[in-house]
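Trainee: Mind looking at a prediction? Sequence and model below.
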Amino acid sequence: MNRRDFIAQGGMLGMPLQAQAMAQTGPRYSGRPQLKITDVQAHLVAVGTRNLCFVKVLTDAGIHGWGEAYSVGPDEATVATVKDFREWLVGRDPRNVEYLWAVMYNFTRFPGGAVIMAALSGIEHALWDVAGKAAGLPVYMLTGGKCREKIRVYQGARGNTPAELAAACRRLKDKYGYTALKMRPTPPDHRIPNNALIREVEARAQAAREAVGPDVDLGFDVHATIFEPIRAAQIAEALKPIRPYFIEEPIRMENIDAMASLKKRIDIPLATGECLYSKYEFREILAREAADIVQPDICLAGGLLEQKKIAAMAEAHYVVVAPHNPMGPLATMVNVHFAASTPNFLILEYTADDEAPRKDLIKDPILVKDGYLEIPEKPGWGYEVNEEAFKKYPPKRWNRPFAFREDGSPDYI
């Protein structure tokens with residue numbers, strides 16, 4: 001008998017009959033119709049150069065739910081993990097979200113990395129969608145109700161030169177009414193001599209500010225590509241004249257003490273968290289005062305409820321939450337429900353869903369208006385995935401570009 005069979009069968013020897021039944025199906029509710037999971041599926045869909053991973057949970061009542069798992073690169077591994085979790089979930093009540101989360105997390109034995117947590121997150125989303133539809137309520141009504149009437153969002157602007165960046169900022173502000181934008185402070189080839197890099201940072205920041213005026217909040221994402229904290233501090237200093245909204249991932253996350261030291265050194269709000277997988281890692285960030293803004297990814301950090309727990313810890317430290325959200329329109333929907341019911345939510349990363357292929361994947365997708373998204377009123381997430389559109393965008397291999405320094409040594413991407 002292998003370990004999984006032992007957990008499912010042999011591990012229950014000696015348990016009371018009631019406890020055995022619960023171990024097989026989960027907690028039950030007297031006087032309430034039961035739901036059972038009949039299948040869990042994962043679908044890869046190509047959007048641009050990478051894939052989105054949609055997760056679908058089906059039930060015996062004809063109710064289904066959708067979620068989105070993070071695209072971590074080896075996408076087939078995420079699909080395989082979803083299929084592996086399926087064996088633990090079929091036959092159980094999908095409304096027991098906390099219970100099923102613990103089944104997936106605890107029974108993997110070792111703390112989950114990117115692939116496991118991405119798969120778990122996508123499944124967790126789908127469970128909430130089912131729970132909301134079964135209750136006839138939007139998901140945020142199951143997690144505390146509304147804290148606000150609309151969700152503030154920002155989008156990333158891209159440009160190789162200061163002039164191109166300024167044009168992109170101006171276009172996004174004029175088209176969507178954004179009151180906040182984000183961009184790289186460094187040029188595409190940031191592996192240049194330091195003084196030249198700092199001059200380029202100053203030029204890009206000033207061009208962006210002049211393009212959108214003094215009142216649009218501008219965030220700057222270094223993408224954890226700088227290894228030395230002293231260089232990150234120099235970049236932050238170069239950005240100060242235009243009063244940035246935040247600087248994101250100025251250094252890598254492996255050394256939390258270094259991040260905490262950098263936060264104390266710079267005079268710009270420091271944001272980080274997209275590379276962390278659980279509340280346990282965020283506890284370390286918060287305990288060491290290493291961030292002013294935390295950025296969990298709802299498709300990677302364990303899902304909606306786990307992100308709510310992270311936000312609650314952050315609230316106790318007077319830290320706000322600005323979720324990392326570079327994935328698809330379904331991830332945006334899940335984040336909207338999080339933001340609606342979370343008091344210390346700040347702002348949401350967003351990519352406009354008004355162009356193909358993104359607009360094809362969701363029926364009546366959320367569209368930004370004056371820099372905000374509306375909060376849906378329908379049950380579940382309030383929007384349906386257009387499964388037929390998957391055929392138009394078959395998955396592809398995501399070949400991430402490599403990066404090398406001027407001397408030929410591998411750099412971070």
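Mentor: Received, thanks. Keep in mind that what you see is a predicted model, and the values were worked out from it rather than measured. Numbers count the residues shown, from 1 in each chain.
Trainee: quick one, strands of the protein?
Mentor: 37-47, 50-59, 64-69, 150-156, 180-183, 217-221, 246-248, 270-272, 293-294, 320-321, 348-349, 362-363, 372-374, 384-385 (DSSP state E).
Trainee: I'd like those strands laid out as a markdown table, including mean neighbour count.
Mentor: For the C-beta atoms, the positions are set from N, CA and C on the backbone; glycine is no exception. Formatted as a markdown table, the strands of the chain follow (neighbours: other C-beta atoms under 10 Å):
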| stretch | mean neighbour count |
| --- | --- |
| strand 37-47 | 20 |
| strand 50-59 | 24 |
| strand 64-69 | 28 |
| strand 150-156 | 21 |
| strand 180-183 | 23 |
| strand 217-221 | 23 |
| strand 246-248 | 26 |
| strand 270-272 | 26 |
| strand 293-294 | 25 |
| strand 320-321 | 24 |
| strand 348-349 | 24 |
| strand 362-363 | 16 |
| strand 372-374 | 18 |
| strand 384-385 | 20 |
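Trainee: Need those strands in TSV (columns: distance to Arg92).
Mentor: Output for the strands of the chain, formatted as TSV (distance: least, C-beta to C-beta, whole Å):
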stretch	distance to Arg92
strand 37-47	6
strand 50-59	10
strand 64-69	14
strand 150-156	32
strand 180-183	40
strand 217-221	40
strand 246-248	38
strand 270-272	35
strand 293-294	32
strand 320-321	30
strand 348-349	31
strand 362-363	28
strand 372-374	33
strand 384-385	22
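Trainee: As TSV, those strands with mean pLDDT would be great.
Mentor: Below are the strands of the chain laid out as TSV (pLDDT from 0 to 100):
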stretch	mean pLDDT
strand 37-47	97
strand 50-59	97
strand 64-69	98
strand 150-156	99
strand 180-183	99
strand 217-221	99
strand 246-248	99
strand 270-272	99
strand 293-294	99
strand 320-321	99
strand 348-349	99
strand 362-363	92
strand 372-374	98
strand 384-385	94
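Trainee: and of those strands, who's closest to Met117?
Mentor: strand 64-69 (9.0 Å; C-beta to C-beta).
Trainee: show me the contacts for Gly26.
Mentor: Arg92, Asp93, Asn96, Tyr99, Leu100, Val103 (C-beta atoms under 8 Å, 6 or more residues apart in numbering).
Trainee: Show me the domain layout of this protein.
Mentor: The record's domain split for the chain, according to automatic domain parsing, is 3-137, 141-380.
Trainee: In this structure Leu197 contacts Pro185, no?
Mentor: No: using C-beta atoms under 8 Å, Leu197 is not in contact with Pro185, being 9.5 Å away.
Trainee: what touches both of those two?
Mentor: Ile235.
Trainee: residues near the nearest residue to Val103 once chain neighbours are set aside, how many?
Mentor: Distances taken as C-beta to C-beta, 6 or more residues apart in numbering place Trp88 nearest to Val103, at 5.4 Å, with adjacent residues excluded. For Trp88, the count of nearby residues is 18 (other C-beta atoms under 10 Å).
Trainee: Can you tell me how far Trp88 is from Ala211?
Mentor: To Ala211, Trp88 is 51 Å away according to C-beta to C-beta, to the nearest Å.
Trainee: likewise Lys150?
Mentor: Lys150 is 25 Å from Ala211, by C-beta to C-beta.
Trainee: Ok, Ile63 next?
Mentor: 47 Å.
Trainee: who has more neighbours, these two?
Mentor: Taking neighbours as other C-beta under 10 Å, Ile63 and Ala211 compare with Ala211 leading, 23 against 18.
Trainee: In contact with the more buried one, which residues are there?
Mentor: Taking C-beta under 8 Å, 6+ apart as the test, what Ala211 contacts is Leu165, Ala166, Ala167, Cys169, Arg170, Lys173.
Trainee: now the last one, nearest residue through space, not along the chain?
Mentor: Think Lys173. Once flanking residues are discounted, Lys173 sits nearest to Val212: 5.1 Å by C-beta to C-beta, 6+ apart.
Trainee: returning to what we had before: which pair in the contacts of Gly26 spans the largest distance?
Mentor: Asp93 and Val103, at 11.7 Å, using C-beta to C-beta across the contacts of Gly26.
Trainee: between these two, who's got more neighbours?
Mentor: Taking other C-beta under 10 Å, Asp93 and Val103 do not tie; Asp93 has more neighbours (23 against 19).
Trainee: Test my guess that that one contacts Val57.
Mentor: No: under the criterion of C-beta under 8 Å, Asp93 is not in contact with Val57, lying 11.4 Å apart.
Trainee: and the longest helix seen in the chain, how far from the chain's centre?
Mentor: Longest helix in the chain, counting residues (DSSP state H): helix 114-135. Distance of helix 114-135 from its chain centroid, counting by C-alpha atoms, centre = their mean, to the nearest Å, is 13 Å.
Trainee: Buried residues in that helix, which are they?
Mentor: 114-134 (16 or more other C-beta atoms under 10 Å).
Trainee: tell me the angle of it relative to strand 50-59?
Mentor: 40 degrees (axes from the mean of the first three to the mean of the last three C-alpha atoms, to 10 degrees).
Trainee: so for helix 114-135, what's the average pLDDT?
Mentor: For helix 114-135, the mean per-residue pLDDT is 98.
Trainee: Any chance you could give me that helix in PDB, C-alpha atoms only?
Mentor: Extracted C-alpha coordinates of helix 114-135, given in PDB (Å, rounded to 0.1, in the frame of the first residue of the first chain):
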ATOM      1  CA  ALA A 114       5.400  27.500  -6.900                       C
ATOM      2  CA  VAL A 115       3.900  24.600  -8.900                       C
ATOM      3  CA  ILE A 116       1.900  23.100  -6.000                       C
ATOM      4  CA  MET A 117       0.700  26.400  -4.600                       C
ATOM      5  CA  ALA A 118      -0.300  27.600  -8.100                       C
ATOM      6  CA  ALA A 119      -2.400  24.400  -8.600                       C
ATOM      7  CA  LEU A 120      -3.900  24.700  -5.100                       C
ATOM      8  CA  SER A 121      -4.800  28.300  -5.600                       C
ATOM      9  CA  GLY A 122      -6.600  27.700  -8.900                       C
ATOM     10  CA  ILE A 123      -8.700  24.900  -7.300                       C
ATOM     11  CA  GLU A 124      -9.500  27.000  -4.300                       C
ATOM     12  CA  HIS A 125     -10.900  29.800  -6.500                       C
ATOM     13  CA  ALA A 126     -13.100  27.300  -8.300                       C
ATOM     14  CA  LEU A 127     -14.400  26.000  -4.900                       C
ATOM     15  CA  TRP A 128     -15.400  29.500  -3.900                       C
ATOM     16  CA  ASP A 129     -17.200  30.000  -7.300                       C
ATOM     17  CA  VAL A 130     -19.200  26.800  -6.600                       C
ATOM     18  CA  ALA A 131     -20.000  27.900  -3.000                       C
ATOM     19  CA  GLY A 132     -21.200  31.300  -4.200                       C
ATOM     20  CA  LYS A 133     -23.400  29.900  -6.900                       C
ATOM     21  CA  ALA A 134     -24.800  27.300  -4.500                       C
ATOM     22  CA  ALA A 135     -25.700  30.000  -2.000                       C
END
